[in-house]
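Trainee: What follows is a predicted protein model with its sequence.
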Protein chains: 2
Amino acid sequence: MRIGILGTGTVGQTLGTRLVQLGHDVKLGSRTGTNEKAAKWVTGAGEHATHGTFADAAVFGEMVFNCTGGMVSLAALNDAGAENLKNKVVVDVSNPLDFSRGFPPTLTVCNTDSVAEQIQRAFPDAKVVKALNTMTAPLMVNPTAIPGDHDVFLCGNDADAKARVTELLRSFGWRVILDLGDITAARGMEMILPIWLRLMGTFKTPMFNFHIARG
Amino acid sequence: MRIGILGTGTVGQTLGTRLVQLGHDVKLGSRTGTNEKAAKWVTGAGEHATHGTFADAAVFGEMVFNCTGGMVSLAALNDAGAENLKNKVVVDVSNPLDFSRGFPPTLTVCNTDSVAEQIQRAFPDAKVVKALNTMTAPLMVNPTAIPGDHDVFLCGNDADAKARVTELLRSFGWRVILDLGDITAARGMEMILPIWLRLMGTFKTPMFNFHIARG
């Protein structure tokens, strides 16, 4: 599959590398299209890796990952272009973390709305699926890095889009994939970040994940 | 130990019953002090169970549980009386859920504040410990109802108060008790409710709990 990734940070690069390893063609998109981190990533990731602007990545991808920060996601997706996202699955991995007042960050949107819902409203012809935002990047693509059962959540309005993301998650090694329903479930998925950040502070490592224990 | 419980709903009654079974003396407090649910609970729970007003329960308890709804917790604790809570451990089990606009509820406070912090600010001489708010009542007092490891979170500003609550949680059967630090961690513990509610809707049962899987 051809996959466009918006954002050249750790999340975008980690997902990109794994997707290339799994045989996909990946284009990493940045605001300028001449991002040094993206160029360096391309050099290391092999011939199935390319980079360009947000719009280049969106045009390229049959599926598009939003790996930009939640505060700038709408701007990045606007740069990517509504026409280039039309009818495409947009996997929103972002979190609306505002670090401008230091640590811990606050959420720029929560409780009655979420970044994923904002994206779905702004791009009604895209099929937004929220996923993978509740864990550190290395775990997203390699769940076996932590032993035992632990879970990835997803939600979205389009069942077929969720099925396609589920298939991709299975190829990463995910076994417990919990579909929480429509895109409004993204509120809960994003509001789990404050306790995630506390847990990271408690454990002094981001290598942990949520598991839902059931009777 | 003598324990006062504010609130006569399922959470208060379930905690009260278990605490009596463990040999504690429990007084269930309500706004009026003549609450029918409380009177019925006393009849069923045996000679170590009594009931009265919020203030009666606070005076009685060496430790006090806040099992009122988060929207009315400050009012209930004001009725209980600052003098009656002074130097006491106040275990805050509440969640700031507002059902006035239907389901799902929204949080009346979140992101930059929490009910537990509001309580600690309003009652600076009480030792507030947030705990048990992230699960259904039957699990609070009987974690073995779900197999395998799953976790209870707690936080608060007073180390000794947290040690005492930890001891009580162990007597309930809890093995994984995660201390998330000072009372501001209650933000994360309360903001986990939206995903908890979604999971309940997905599973069609509240009998599940969070576990943090670690490397």
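Mentor: Received, thanks. Source: prediction; values computed, not measured.

Trainee: Longest helix in chain A, by number of residues?
Mentor: Identified as the longest helix of chain A according to DSSP state H is helix A:159-172.

Trainee: Mind giving me the packing neighbours of it?
Mentor: Packed against helix A:159-172 by the contact rule (3 or more CB pairs under 8 Å, 6 or more residues apart in numbering or on different chains; DSSP states H and E) you find strand A:63-66, strand A:89-92, strand A:127-131, strand A:151-156, strand A:176-179. Where you see a C-beta, it was placed from the backbone N, CA and C, and this is true even at glycine.

Trainee: Output those strands in TSV; the columns should cover mean neighbour count, mean pLDDT and distance to B:Pro124.
Mentor: Formatted as TSV, those follow (neighbours: other CB atoms under 10 Å in any protein chain shown; pLDDT from 0 to 100; distance: least, CB to CB, whole Å):
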stretch	mean neighbour count	mean pLDDT	distance to B:Pro124
strand A:63-66	28	98	44
strand A:89-92	28	99	42
strand A:127-131	29	99	40
strand A:151-156	24	98	38
strand A:176-179	16	98	41
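
Trainee: Show residues contacting stretch A:6-21.
Mentor: By CB atoms under 8 Å, 6 or more residues apart in numbering or on different chains, the residues outside stretch A:6-21 that reach it are A:3, A:5, A:26, A:28-30, A:35, A:37-38, A:41, A:44-46, A:48-49, A:51, A:54, A:57-58, A:64-69, A:76-77, A:80, A:93, A:137-138, A:140-142, A:172.

Trainee: In strands, which of these appear?
Mentor: Counting by DSSP state E, the part of the contacts of stretch A:6-21 found in strands is A:3, A:5, A:26, A:28-30, A:49, A:51, A:64-66.

Trainee: buried sites along the longest helix of chain A?
Mentor: Judged by neighbour count using 16 or more other CB atoms under 10 Å in any protein chain shown, the buried positions of helix A:159-172 are A:161-162, A:164-166, A:168-169, A:172.

Trainee: what about that helix, distance to the chain center?
Mentor: 13 Å (CA atoms, centre = their mean, to the nearest Å).

Trainee: a markdown table for the buried residues of helix A:159-172, including pLDDT?
Mentor: Listed next are these as a markdown table, based on pLDDT from 0 to 100:
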| residue | pLDDT |
| --- | --- |
| A:Ala161 | 98 |
| A:Lys162 | 98 |
| A:Arg164 | 98 |
| A:Val165 | 98 |
| A:Thr166 | 98 |
| A:Leu168 | 98 |
| A:Leu169 | 98 |
| A:Phe172 | 98 |
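
Trainee: sec struct for the nearest residue to A:Trp196 once chain neighbours are set aside, please.
Mentor: Computed as CB to CB, 6 or more residues apart in numbering or on different chains, the closest residue to A:Trp196 that is not its neighbour in sequence is A:Thr134, at 6.5 Å. Following DSSP: H, G, I helix; E, B strand; the rest coil, A:Thr134 is assigned to coil.

Trainee: give me the number of residues near A:Met1?
Mentor: 13 (other CB atoms under 10 Å in any protein chain shown).

Trainee: go on, A:Pro138?
Mentor: For A:Pro138, the neighbour count with other CB under 10 Å is 15.

Trainee: again with A:Gly102
Mentor: A:Gly102 has 7 neighbours, counted by other CB under 10 Å.

Trainee: Confirm it sits in a strand?
Mentor: No. Assigned with three-state DSSP, A:Gly102 falls outside any strand and is coil.

Trainee: Angles on the backbone of it, please.
Mentor: Per-residue torsions, A:Gly102: phi 90, psi -160 (degrees, to the nearest 10).

Trainee: Phi, psi for A:Leu19 please.
Mentor: Per degrees, to the nearest 10, the backbone of A:Leu19 is at phi -70, psi -40.

Trainee: show me what contacts the closest residue to A:Arg170 other than its chain neighbours?
Mentor: Leaving aside its sequence neighbours, A:Arg170 sits nearest to A:Ile177 (CB to CB, 6+ apart; 7.3 Å). Applying CB under 8 Å, 6+ apart to A:Ile177 gives the contacts A:151-152, A:154, A:166, A:169-170.

Trainee: if we go to 10 Å?
Mentor: For A:Ile177, the contact set (CB atoms under 10 Å, 6 or more residues apart in numbering or on different chains) comprises A:131, A:151-154, A:162, A:165-167, A:169-170.

Trainee: re the thing from before, list just the nearest of the buried residues of helix A:159-172 to chain B.
Mentor: A:Lys162 (12.9 Å; CB to the nearest CB).

Trainee: just checking, A:Thr134 touches A:Phe153?
Mentor: Yes. Judged on CB atoms under 10 Å, A:Thr134 makes contact with A:Phe153 at a distance of 6.0 Å.
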